[in-house]
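J.: here's my sequence, what's the structure:
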Amino acid sequence: MKQTRTSGIAIFLIALVLNVVGCVGTMPLNTAYRAGDTIVLGTGWKQHFDRNSLTVTFTGENNYSAVYQPGDPIVRAVINLYPDPLSYLIVGTRTGSDVGLGNTYGSVINDSITGNDPDWWQTSVYIDLPRDLPVGTARVRIQSANGESYTAPSINIISGQGSPSTFTAQTIGALQPNQLQSMERESAYTVQFSGGNTLPVALQVDLIHNPASSLGGNGIPFVVNPRGEMKNLSWTDNGTRLRVLLSIAGDGSSKDPYFPSTYMWNYFKFYVTGGITGLQVVPSSVKAYDANGIPISGVMASIN
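T.: Purely as a prediction, here's the structure:
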């Protein structure tokens with residue numbers, strides 16, 4: 001267990017180099033490679049990039065073209081990278097401070113990339129270049145089965161034969177494929193809220209699902225809060241029914257320019273994962289309250 005954790009941390013640090021420009025970074029780490037080398041692409045804020053659903057197309061000199069279908073091992077991993085919660089980017093956006101240009105860049109991400117969804121990440125894709133890719137200019141295009149796509153800026157293929165990266169990690173050496181892929185995102189349900197003009201400070205929702213493994217079914221429920229400094233999240237599950245309690249974190253006086261506003265509904269988003277199936281909202285269970293504990297009507301929950 002200790003080795004696996006160390007490997008994951010090492011890979012995260014290796015990949016984090018891609019994220020130096022935040023969620024808007026979409027350039028390769030380098031621009032010159034040999035055929036057969038591993039290329040790492042920062043593809044932006046992608047919702048549906050999954051290693052087993054990506055089609056990768058290479059084009060190059062002399063009318064070279066190669067297409068790799070979903071599931072091909074040429075795609076080594078697809079990993080989402082998150083900014084440091086103590087970064088200027090996060091702290092500046094939440095406090096309105098522009099030290100390190102945190103608030104400026106955070107506003108760009110909210111306005112131009114995520115549509116004011118505070119769940120920021122950078123999707124990085126690790127790909128082995130074809131061994132027969134000719135010397136010269138080449139391009140890489142990635143297409144998801146869900147319709148998302150990414151085309152990398154031109155890269156230069158130089159002479160010589162490259163080789164796939166072994167992703168050497170601290171203390172244990174080269175990583176096995178499953179160690180690298182353990183950093184990939186597991187499938188999950190996304191639960192979101194909407195309602196009228198009055199925004200709550202606390203919410204409750206019940207969700208039902210097919211029996212979990214504790215009752216002879218499948219999966220172990222697990223609820224994930226993407227931004228813990230924005231809201232508190234508590235939950236409990238009895239094997240078929242899941243209750244989630246949410247409340248605004250802090251004293252509610254954040255200088256975030258989007259707080260409070262209609263965008264605040266994005267802050268209440270959370271994920272349900274763990275392999276359970278058949279998740280559904282119990283509509284009558286949705287309860288919302290203002291700062292004085294007075295119920296707010298018209299609030300709804302949905303699952304995507």
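
J.: all strands of the stretch 51-200 of the chain, in order?
T.: Assigned by DSSP state E, counting those that start in this stretch, the strands in the stretch 51-200 of the chain fall at 54-60, 64-68, 75-81, 122-128, 136-144, 149-151, 155-161, 189-194.

J.: return the most buried member of those.
T.: strand 122-128 (a mean of 24; mean count of other C-beta atoms under 10 Å). Where you see a C-beta, it was placed from the backbone N, CA and C, and this is true even at glycine.

J.: run the angle between that strand and strand 136-144 for me.
T.: With axes from the mean of the first three to the mean of the last three C-alpha atoms, to 10 degrees applied, the angle from strand 122-128 to strand 136-144 works out at 120 degrees.

J.: output the contacting helices and strands for strand 122-128.
T.: Helices and strands touching strand 122-128, by 3 or more C-beta pairs under 8 Å, 6 or more residues apart in numbering; DSSP states H and E, are strand 38-42, strand 75-81.

J.: rerun at 10 Å
T.: Strand 122-128 makes packing contacts with helix 2-16, strand 38-42, strand 54-60, strand 75-81, strand 136-144 when contacts are defined by 3 or more C-beta pairs under 10 Å, 6 or more residues apart in numbering; DSSP states H and E.

J.: dump the strands of the stretch 51-200 of the chain to CSV, plus mean pLDDT and distance to residue 208.
T.: Shown next, in CSV, are the strands of the stretch 51-200 of the chain (pLDDT from 0 to 100; distance: least, C-beta to C-beta, whole Å):
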stretch, mean pLDDT, distance to residue 208
strand 54-60, 98, 33
strand 64-68, 98, 40
strand 75-81, 97, 28
strand 122-128, 97, 32
strand 136-144, 97, 30
strand 149-151, 97, 36
strand 155-161, 96, 49
strand 189-194, 97, 12
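
J.: want to throw those into CSV with distance to residue 266?
T.: Formatted as CSV, these follow (distance: least, C-beta to C-beta, whole Å):
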stretch, distance to residue 266
strand 54-60, 27
strand 64-68, 35
strand 75-81, 17
strand 122-128, 18
strand 136-144, 23
strand 149-151, 24
strand 155-161, 35
strand 189-194, 8
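
J.: quick one, strands of the stretch 201-304 of the chain?
T.: Per DSSP E, counting those that start in this stretch, the stretch 201-304 of the chain carries strands over the ranges 202-208, 222-224, 231-237, 241-248, 270-273, 280-281, 287-289, 300-303.

J.: let me have these in a markdown table, extended by mean neighbour count and distance to residue 177.
T.: Output for these, formatted as a markdown table (neighbours: other C-beta atoms under 10 Å; distance: least, C-beta to C-beta, whole Å):
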| stretch | mean neighbour count | distance to residue 177 |
| --- | --- | --- |
| strand 202-208 | 19 | 34 |
| strand 222-224 | 17 | 24 |
| strand 231-237 | 17 | 32 |
| strand 241-248 | 18 | 33 |
| strand 270-273 | 20 | 22 |
| strand 280-281 | 14 | 35 |
| strand 287-289 | 19 | 45 |
| strand 300-303 | 14 | 32 |
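
J.: tell me which of the ones you listed lies nearest to residue 100.
T.: Closest to residue 100 of those, according to C-beta to C-beta: strand 231-237, at 24.7 Å.

J.: got the contact list for residue 71?
T.: Counting by C-beta atoms under 10 Å, 6 or more residues apart in numbering, residue 71 touches 51, 52, 53, 54.

J.: any idea how far residue 163 is from residue 231?
T.: 46 Å (C-beta to C-beta, to the nearest Å).

J.: which helix or strand in the protein has the lowest average pLDDT?
T.: Here the helix or strand of the chain ranked lowest by mean pLDDT, DSSP states H and E is helix 2-16, holding a mean of 36.

J.: next helix or strand past that helix?
T.: strand 32-35 (DSSP states H and E).

J.: can you give me the buried ones in that following strand?
T.: Buried residues in strand 32-35, counted by 16 or more other C-beta atoms under 10 Å: 33, 34, 35.

J.: circling back: and the contacts of residue 71, which of them are buried?
T.: Applying 16+ other C-beta under 10 Å to the contacts of residue 71 flags 51, 53, 54 as buried.

J.: distance check, the spatially closest residue to the second one that is not a sequence neighbour against residue 71.
T.: Spatial nearest neighbour of residue 53, excluding adjacent residues (C-beta to C-beta, 6 or more residues apart in numbering): residue 145 at 4.1 Å. Distance, residue 145 to residue 71, by C-beta to C-beta: 11 Å.
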